[in-house]
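Asker: need a structure here:
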Amino acid sequence: MEQTHVIILGGGLIGLTLAAALDGSGLRSVVIDPADPDARLGASFDARTSAVSSSSMRMLHTIGVGHHLSGPGCPILQIRVADGLAPGGLSFDPEEDGEPLGWMHENRHLRSALRARVEAGEHIQVCWRTSATHIERTELGVTVLLESGEELRAPLLVAAEGRNSPTREAAGIRMARWRYDHAAIVSTLFHERLHDNVAYEIFYPTGPFALLPMTDASDGQHRSAIVWSVPSEDAHGWMSLADDAFAAEAQAAMGGFLGRVSMAAPRSSYPLGFHHAHRITDRRLALVGDAAHAIHPIAGQGLNLGFRDVAALTEVLVDGARLGLDLGDAQLLGRYGRWRSLDTLMVAMSTDSLTRLYGIGGRAASAVRRFGMGLVDRVGPLKARLNAEARGTSGDLPLLLRGLPI
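Answerer: Numbers count the residues shown, from 1 in each chain. The predicted structure follows:
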């Protein structure tokens, strides 16, 4: 029987980050995931990219993940927001310290770095290609039985299983959820002109078009990732277009400001939805990442919300361990729940409101939006607050997100 501090269900980006963060503070964890990790490292499994905020990157470096990354990623030095291709809009720039607003990373590179980090961890056991056949959470602790017959025990269970977390459902945690009438088409484009490390969010009545800077390809071609939200009934048509035709449509959507465009990677599509857990803790259970909340990709904050969960939960658990507390204690988990509740709710509702606001068609609505963006651009405190949200530096920031070890 294996005794550990934390059992983590899910070996995705968030589950592995939590294991690495706990390991850095001397807490033992076991990660359980049914997937084959080798199959997750190729572009054919996941060609997506993620915008990692500046605070999230601080944490990844602090817990030793940055050392395993194949490259530093592409820094985002400016974010420009526009209502269609009309003049005006809103721009966000780095603070005086010069730290980028974030970095673009390919998911497969993040996954590879996290796997290398956890496999090098002194206090981490990873159980790939297996699942829990029985889970028991009692007042005395958590017991997990694996398919192999191995039994694990810990004071705390963490669900990092993603949007359809079976552990969350088994705990009876209620969810606020709905689907948007949109699907996201994601891919990577080659383009003729330099992107100058600028990320663009262009809002159309049919859905937002995000263009995110990436490092140049090995042959020197300039690249950017796209996340294009289209009406659900049109998604199949967009996906069935030939590469040249789709590239031409993307070039038109960005107004041609990056010159000639061609496809650099296959397209993939997924439906867009929203969900938010009524609570993120239960008896000896904590939810992190998409198991707790999933939002529209309009602001690129979904992964960063999960990283913020990891930073807060790690700090709570390390503080509790130093005081000799039971890591599954309800009061300790209550601190984690309170710490994360306001931030996740505010970000979730903000992205949902933006999605609905920019979906209103007509010249009058567009004029009002452009006026509002211009006003925000001129009001220093409000713009600074939105800038901090983009960098992930607003609110009561956990130590790891400040780049400080716990």
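Asker: Have a look at the chain and report its longest strand.
Answerer: strand 175-191 (DSSP state E).
Asker: Check which residues of it are buried.
Answerer: Buried residues in strand 175-191, counted by 16 or more other CB atoms under 10 Å: 175, 180, 182, 183, 184, 185, 186, 187, 188, 189, 190, 191. Placement of C-beta: from N, CA and C, glycine included.
Asker: Find the nearest non-adjacent residue to residue 215, please.
Answerer: Distances taken as CB to CB, 6 or more residues apart in numbering place residue 74 nearest to residue 215, at 4.6 Å, with adjacent residues excluded.
Asker: Looking at the buried residues of strand 175-191, which is nearest residue 156?
Answerer: residue 175 (21.7 Å; CB to CB).
Asker: tell me the strands in the stretch 201-350 of the chain, going along the chain?
Answerer: 207-214, 222-231, 261-263, 268-277, 281-282, 285-287, 293-294 (DSSP state E, counting those that start in this stretch).
Asker: Show the low-confidence segments of the stretch 1-150 of the chain, by residue range.
Answerer: Residue ranges of the stretch 1-150 of the chain with pLDDT under 70: 1, 41-47, 88.
Asker: got the residue ranges for the strands in it?
Answerer: 2-3, 6-9, 29-33, 49-53, 74-76, 78-83, 90-92, 102-106, 124-128, 132-138, 141-146.
Asker: Output those strands as CSV; include the columns distance to residue 215 and mean neighbour count.
Answerer: Formatted as CSV, these follow (distance: least, CB to CB, whole Å; neighbours: other CB atoms under 10 Å):
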stretch, distance to residue 215, mean neighbour count
strand 2-3, 41, 14
strand 6-9, 31, 26
strand 29-33, 29, 24
strand 49-53, 10, 26
strand 74-76, 5, 23
strand 78-83, 17, 20
strand 90-92, 21, 18
strand 102-106, 8, 24
strand 124-128, 29, 18
strand 132-138, 39, 14
strand 141-146, 40, 19
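Asker: Let me have those strands in CSV, extended by distance to residue 314.
Answerer: Formatted as CSV, the strands of the stretch 1-150 of the chain follow (distance: least, CB to CB, whole Å):
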stretch, distance to residue 314
strand 2-3, 20
strand 6-9, 10
strand 29-33, 10
strand 49-53, 17
strand 74-76, 25
strand 78-83, 28
strand 90-92, 28
strand 102-106, 21
strand 124-128, 13
strand 132-138, 21
strand 141-146, 18
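Asker: out of these, which comes closest to residue 283?
Answerer: Across the strands of the stretch 1-150 of the chain, closest to residue 283 is strand 132-138 (CB to CB), at 5.2 Å.
Asker: Okay, now the sheet partners of the closest one, with direction.
Answerer: According to DSSP bridges, strand 132-138 forms sheet pairs with strand 141-146 (antiparallel).
Asker: Only the buried residues of the helix or strand following the strand it pairs with, if you could.
Answerer: As assigned by DSSP states H and E, the chain's next helix or strand after strand 141-146 is strand 151-154. For strand 151-154, the neighbour count (16+ other CB under 10 Å) marks 152, 153, 154 as buried.
Asker: Would you reformat the residues you listed as CSV and include distance to residue 87 and pLDDT?
Answerer: Output for the buried residues of strand 151-154, formatted as CSV (distance: CB to CB, whole Å; pLDDT from 0 to 100):
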residue, distance to residue 87, pLDDT
152, 60, 97
153, 63, 98
154, 57, 98
